[in-house]
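Enquirer: give me a 3D structure for the following:
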Amino acid sequence: MYPIIKAPFEIIPLEIMTKRETDDYFQWFISQVPSRIEILSTYYEQTSKERKSGLNLSQDSLITLWEWFVPNIQRVTKTTEEIQEEMSNAPEWLKEEIENDTLKFSDETETMIIDIGIYFGAVILKSYSNLNWGVIRKPRNYVDVNQPVIVGFKHGALNPIRVVTNCALQTIDEQLNNKKLYEVYNIWSKYL
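Expert: The predicted model follows:
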């Protein structure tokens, strides 16, 4: 079983965090990057026929990693309470779609997505020394407010965990594209 990531403190919704809470969360997140990449690499080696040295933070390793990850994606049924909570926070025009979307990623898959997002971010940072992990604090309605993102792009910041989440969601509905994450890397490389 894939080791679940757990913060040593209660995580409140990021959009309502104070500056201090955001800073604490960001420092904790950054401190976890090396260990989460090691956990991912070790699990990769244990569950594939490849050595973890293949996950060497190169662009090409994104193909290898994605090819391994896709068959490991697991979805589970949302509880009635989860669906009702989502609907209570959604605009009217979105409620029918939420009601029909009864599946979510398993906790194990969610954690893999986080770790692959961290790895994806590390690949980008290794390739481009002008980029860094950072936090966008305003505006409060910004989709990635108070979240660890990669800053230094010309037109905004990159949330690598959101990127991997979106790639995983797209993969469920498409044929396997082993180069999906690699292709997204190349797209973001054009924004420098």
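
Enquirer: quick one: the helices in this protein?
Expert: Under the criterion DSSP state H, the chain contains helices at 19-47, 61-69, 80-88, 95-100, 107-127, 160-173, 180-189.

Enquirer: would CSV of those helices with distance to residue 53 be doable?
Expert: No exception for glycine: its C-beta is placed from N, CA and C like everyone else's. Formatted as CSV, those follow (distance: least, C-beta to C-beta, whole Å):
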stretch, distance to residue 53
helix 19-47, 8
helix 61-69, 10
helix 80-88, 40
helix 95-100, 43
helix 107-127, 14
helix 160-173, 22
helix 180-189, 19
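
Enquirer: from residue 98, how far off is the residue located most distally from the centre of the chain?
Expert: Distance from the centre of the chain peaks at residue 92, with 27.7 Å (C-alpha atoms, centre = their mean). Distance from residue 92 to residue 98, counting by C-beta to C-beta, to the nearest Å: 11 Å.

Enquirer: among the helices of the chain, which is nearest residue 4?
Expert: Closest to residue 4 of these is helix 107-127 (C-beta to C-beta; 5.0 Å).

Enquirer: against which helices or strands is that closest one packed?
Expert: In terms of contacts (3 or more C-beta pairs under 8 Å, 6 or more residues apart in numbering; DSSP states H and E), helix 107-127 is packed against helix 19-47, helix 61-69, strand 132-135, strand 148-153, helix 160-173, helix 180-189.

Enquirer: buried set for that helix?
Expert: Under the neighbour-count criterion of 16 or more other C-beta atoms under 10 Å, helix 107-127 has 108-125 buried.

Enquirer: which non-adjacent residue is nearest the residue sitting nearest the centre point of the chain?
Expert: The centroid of the chain falls nearest to residue 161 when counting by C-alpha atoms, centre = their mean (1.9 Å). Sequence neighbours aside, residue 117 is the residue nearest to residue 161 in space, at 3.3 Å (criterion: C-beta to C-beta, 6 or more residues apart in numbering).
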